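1. Predicted model, plus sequence, below.
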Amino acid sequence: MARLLFEIAKKMEKMSLGQGGIRLSSLKGTRETGVSMVLVAARYEELKESVTAYRMMKGASLNYRSRGKSLEIYSESLTTLCDFAKGISFTPDDADDVVEFCAGLEGYYDGLSFESVSMDRNSLSLILSCQLEEGASSDSLYQALMPMLVKFNMGVIKPLENTDEGN
């Protein structure tokens, strides 16, 4: 069985000055250490209440902490964090694409898993791995991902690593 490690990238929209709403300033973390997102908004009361409600309703590992004039929301799971964040309307709205894509990640292809994420105001870098079934190729994986990548204006960067674990 071959293991493929590859990157998905996205160039983020620039914020115009004075643009209000909730901004996703960063999204970062790894499968081992957990993930966090930093939000910037005029007020955080509703967001804090939403985190608490989501955690209680889903029994999810999700929490928040204040970081200066921003709010950090964190979880052990990228899917959990982004599933929660789908309920937020971000400015600019390409952050909505990032959280929607990451929330559905586990269902796009059998054997696909999250390794690390790094997103700032300029770009998204999402490192994924996939255990390819015997006879499956990286091309079949990329073809299966293509509809979602096109929908969210993302691209695949060539494989970072391709190992054959069977030998």
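-> Right, received. Where do you want to start?
2. In this model Lys58 seems to touch Ser75, though I could be wrong.
-> No: counting by CB atoms under 8 Å, Ser75 stays clear of Lys58, with 10.7 Å between them. All C-beta spots, glycine's among them, are computed from the backbone N, C-alpha and C.
3. So for the two, which sits in the more crowded spot?
-> More crowded of Ser75 and Lys58, by other CB atoms under 10 Å: Ser75, with 24 against 12.
4. Could you measure from the residue lying closest to that one once chain neighbours are set aside over to Lys14?
-> In space, Ser75 comes closest to Leu81 once its chain neighbours are excluded; the distance is 4.1 Å by CB to CB, 6 or more residues apart in numbering. From Leu81 across to Lys14, the span is 24 Å (CB to CB, to the nearest Å).
5. try Ser125
-> Ser125 is 18 Å from Lys14, by CB to CB.
6. quick one, which of the two is more surrounded?
-> Relative neighbour count places Ser125 above the other of Ser125 and Lys14, with 15 against 9, counting by other CB under 10 Å.
7. Quick check: that one is in a strand.
-> Yes: membership of Ser125 in a strand is supported by DSSP: H, G, I helix; E, B strand; the rest coil.
8. Pretty sure it sits against Val117.
-> Yes: the pair Ser125 / Val117 is scored as a contact, 7.2 Å apart, by CB under 8 Å.
9. tell me the contacts of the residue nearest to Ser75?
-> Going by CB atoms under 8 Å, 6 or more residues apart in numbering, Leu81 touches Leu27, Val35, Ser36, Met37, Leu62, Ile73, Tyr74, Ser75, Cys102.
10. Span of stretch 129-141 from start to end?
-> End-to-end distance of stretch 129-141: 11 Å, with CA to CA, to the nearest Å as the criterion.
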